[in-house]
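# Predicted coordinates and the sequence they were generated for:
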Amino acid sequence: MITSLVDLLRDSLPIHASWSDAESTAKPGTTPAAADFKRTMKIMKPGSPITVPPPPVPDLSSRGRWEKIKSAWGLQEMMLTVPLWGYSVTPPNMAVNMTCRAREAGYKLQGVLPKVTFGLDGQPLVKVETKKGEKLELKLEQKFLLGQFSVIGGVIEEGKRTLWPLEMLFDKGAVLVFVYEPTIDNSGKITTPLNPFAPRGKDKWKPVRDAEKKTFEELLPGDIGDKDAWLEAFTGPFMNVPGQYKQTTAKTSEDKTTYVSRPRIVVVVSIGTCKERADFEPGGLVGMAKVFPNIMICSSIPLKSSESSVKIERTASTTQLDDGDGTVKGTCCNADKQIGAMLVTDDNEHGGVLSQKPFWGGTFAYVEEDADKRLGGKELHVVDTSKTSTRTFPGGKRLLVFRGTPNNFLTKELYQSIWEWTPYTQKGVMKVERQGEFDNCHLAPTLKLDLAKIYKPEITKVLGVPAFSKVPTFFSKGNTVDPATCHTDKVWMAPFCSHDCFHTHWRWAKGETAKWTLGWDDTGPYTKSGAPMVPVYQDVFFKLEGGSGYTYKVKSTYPDTYVVGTWDIYFHHGAAYAQSIANWLKFQGSNFNLMASQSFKFYDSKGKQLTASNAPLMYWLFKWVIGAKDGKAFVTPRIQHTQAEVDAMRAY
């Protein structure tokens, strides 16, 4: 089967979003007309800079009382359709000045990613090795840059395309298409240097689909250069899929020339952004604006491996570029402005168990806070294809809210553990196939908790009821809180957050069932609970670059079953920038679970009682078990591994 380059590019996220939008108004089964594409897609001269300005502050004033009430159950259409992102693309391999409006901050414009660089270790390069052992360097240079697209708006329908089966409301994106044409000598070897696309010339080619040629001919701008060459490249016979590569032409018995595609390798560099949606973390609790910095590789030559990187540079501190709608002054949540890095591995023993959420002991297996201080500059193997089985590291200790099994139902152990008098101890850490050193990275500011005293009500001591806000503290003695020993000066926002947080997750816990948390199996993405969210033949290496950036490196080793002429995609899972709580009912349920496990009441330095609605307190309680002795508060970490144990778990 021979296909066009345009058809291949439909698996690029931005073009897929535009194509899906165009198909919504086109006759079913036909190529959409140019007018259908013009709503969202713009073809650009290769190499020209792309600047997409930040969107204006949204006007949500038309929401009525009922719409506001309904928003407690989840995001309403008015919020889901708000454009958020702005950026510039500097060909051949950079996106810069990426900004996003943040709902939690009153839609202030936030600086998010000053720079995203595509290419191996920061260089504009993708390396491949053929099945014959020939090593090729695919340079992301102007001479190989064949096409460039900008997409604003669009929609992706659920289940419409295998590579992108989740529903998305697309915000903005850009696509850069690089094409390489190796020459094959008489011995069957590839000669270097590689050549850029070479058109056959006018009247020497025919489109794969006439309607496709007509549509894109109308979309071409005046400054595109050789229009016929562009149309030949994108709508002509481009690649045999699947099948062996062949050289240029073949003679028939009637001495007519029949055109077949040359051997070609395509590299696509794309940046895609989405509008707010609550389909990132397992509970669908937080609205997130996703971003997809992808590299894609497709070859008609059988490949043994490929390798490249995406380098993410985050703002070093919270950077607010305007005042938004004016409803939020300063930073919310009493947050520090400095961005810090936290690396996390998710718990596989209790994935999907609501009773353990959002406590660290039953949500995380192990955590490295301020990760750049100890692990910065080190290449971490975070998806490891050599790990082919489930295994359990025997050491370490975590504190759980309760065991939650039929064996201890209605026992004293369970009853006491509910109120955290005697938390249940979980020993050992289970890891699954292909799981590497860590599962995710949070780049976010920390919070400061103003907590002066804690009280344990007498009724809690006597009757064992939790210390809800209305429980009186008569005759109770206050316990002072020392910020240093109780760690209130630096509170990490996890497992979820909604303030200036940039999350990258390449694996979620085994046992999670939300489709967007599922990883890859041999059939594709979003299919297997607990599996890494990358193709099964990929190894991923992660290197922190200071406390506010990282390099994400991929090495693909293709199995014999890998089909020539299909896409390999890097960074398919993308990342996300937090917007705000999306479902307040779920959030209140989480807070109830939190406060129902507390036997203390909390007061700040002004004597004001704090509840779980106080973000620093909430996150602090997620991490620590609270106690008091001799009039002083003390804390016990829910995750109690030694550093040596964490390092052993990483390697296990």
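Thanks, I have it.

# need the strands for the stretch 401-550 of the chain, in chain order.
424-431, 440-447, 453-455, 478-480, 502-505, 519-521, 524-528, 538-544, 549-557 (DSSP state E, counting those that start in this stretch).

# Which of the ones you listed sits closest to S605?
With Cβ to Cβ as the measure, strand 453-455 is the member of these nearest S605 (8.9 Å). Any C-beta I mention is one placed from the backbone N, CA and C, and that applies to glycine too.

# so what strands line up beside the closest one?
According to DSSP bridges, the neighbouring strands of strand 453-455, each with its direction, are strand 478-480 (antiparallel), strand 601-603 (antiparallel).

# Could you list the paired strands of the next helix or strand after the last one along with their orientation?
From strand 601-603 onward toward the C-terminus, using DSSP states H and E, the following helix or strand is strand 609-610. Each strand that pairs with strand 609-610, with its direction, by DSSP bridges: strand 601-603 (antiparallel).

# Highest mean neighbour count out of the strands paired with strand 453-455?
strand 601-603 (a mean of 23; mean count of other Cβ atoms under 10 Å).

# Would you mind checking the average pLDDT for that one?
Confidence over strand 601-603 (mean pLDDT, whole number) is 91.

# ok, now stretch 333-352?
90.

# can you check stretch 585-594 too?
Predicted confidence along stretch 585-594 averages 75 (mean pLDDT).

# Endpoint to endpoint, stretch 571-580 covers what distance?
Terminal residues of stretch 571-580 are spaced 24 Å apart (Cα to Cα, to the nearest Å).

# Quick one: neighbours of T485, just the number.
11 (other Cβ atoms under 10 Å).

# Would you mind naming the residues that bridge with the closest residue to it other than its chain neighbours?
In space, T485 comes closest to F634 once its chain neighbours are excluded; the distance is 6.7 Å by Cβ to Cβ, 6 or more residues apart in numbering. Applying DSSP bridges to F634 gives these bridge partners: G627.

# residue contacts, F634?
Shown here is F634, whose contacts under the criterion Cβ atoms under 8 Å, 6 or more residues apart in numbering are 485-486, 626-628.

# which residues of the stretch 451-600 of the chain fall in helices?
When assigned using DSSP state H, counting those that start in this stretch, the helices of the stretch 451-600 of the chain occupy the ranges 458-463, 483-486, 584-595.

# picking that back up, quick one: the strands paired with strand 453-455 as JSON lines, columns for distance to V269 too.
Below are the strands paired with strand 453-455 laid out as JSON lines (distance: least, Cβ to Cβ, whole Å):
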{"stretch": "strand 478-480", "distance to V269": "56"}
{"stretch": "strand 601-603", "distance to V269": "50"}
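
# how many neighbours does the nearest residue to I454 once chain neighbours are set aside have?
With Cβ to Cβ, 6+ apart as the measure, F600 is the residue that lies nearest to I454, at 4.4 Å, once sequence neighbours are left out. By other Cβ under 10 Å, the residues close to F600 number 21.

# Contacts only, for F600.
With contacts defined as Cβ under 8 Å, 6+ apart, F600 is in contact with 454-456, 467, 626, 628.

# next one: I224
43, 45, 230.

# from these, which ones fall inside strands?
Using DSSP state E, the members of those that fall within strands are I43.

# of the contacts of I224, closest to S590?
For the contacts of I224, with S590 as the reference and Cβ to Cβ as the criterion, the closest is I43, at 46.3 Å.

# and the closest one, what are its bridge partners?
F149.

# Just to check, it is in contact with Q148?
Yes. Counting by Cβ atoms under 8 Å, I43 touches Q148, with 7.4 Å between them.

# Export whichever helix or strand K214 is part of to PDB, keeping only CA atoms.
Assignment of secondary structure by DSSP H and E places K214 within helix 210-219. As requested, the backbone C-alpha atoms of helix 210-219 are provided in PDB (Å, rounded to 0.1, in the frame of the first residue of the first chain):
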ATOM      1  CA  ASP A 210      -7.200  13.900  -6.300                       C
ATOM      2  CA  ALA A 211      -9.500  15.500  -3.600                       C
ATOM      3  CA  GLU A 212      -6.500  15.700  -1.200                       C
ATOM      4  CA  LYS A 213      -4.500  17.600  -3.800                       C
ATOM      5  CA  LYS A 214      -7.300  20.000  -4.500                       C
ATOM      6  CA  THR A 215      -7.900  20.800  -0.800                       C
ATOM      7  CA  PHE A 216      -4.300  21.500   0.000                       C
ATOM      8  CA  GLU A 217      -3.600  23.400  -3.200                       C
ATOM      9  CA  GLU A 218      -6.200  25.900  -2.000                       C
ATOM     10  CA  LEU A 219      -4.600  26.000   1.500                       C
END
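
# Enumerate the positions of it that are buried.
Buried residues in helix 210-219, counting neighbours by 16 or more other Cβ atoms under 10 Å, are found at 212-213, 215-216, 219.

# Same check on stretch 445-454?
Of the residues in stretch 445-454, those scored as buried under the neighbour-count criterion (16+ other Cβ under 10 Å) are 445-447, 449-454.

# In contact with the closest residue to C486 other than its chain neighbours, which residues?
In space, and not counting its chain neighbours, C486 is closest to V635: 5.1 Å by Cβ to Cβ, 6+ apart. For V635, the contacting residues are 485-487, 624-627, taking Cβ under 8 Å, 6+ apart as the criterion.

# Now flag whichever of these is closest to M533.
Proximity to M533 was ranked across these by Cβ to Cβ; first place goes to W624, at 30.2 Å.
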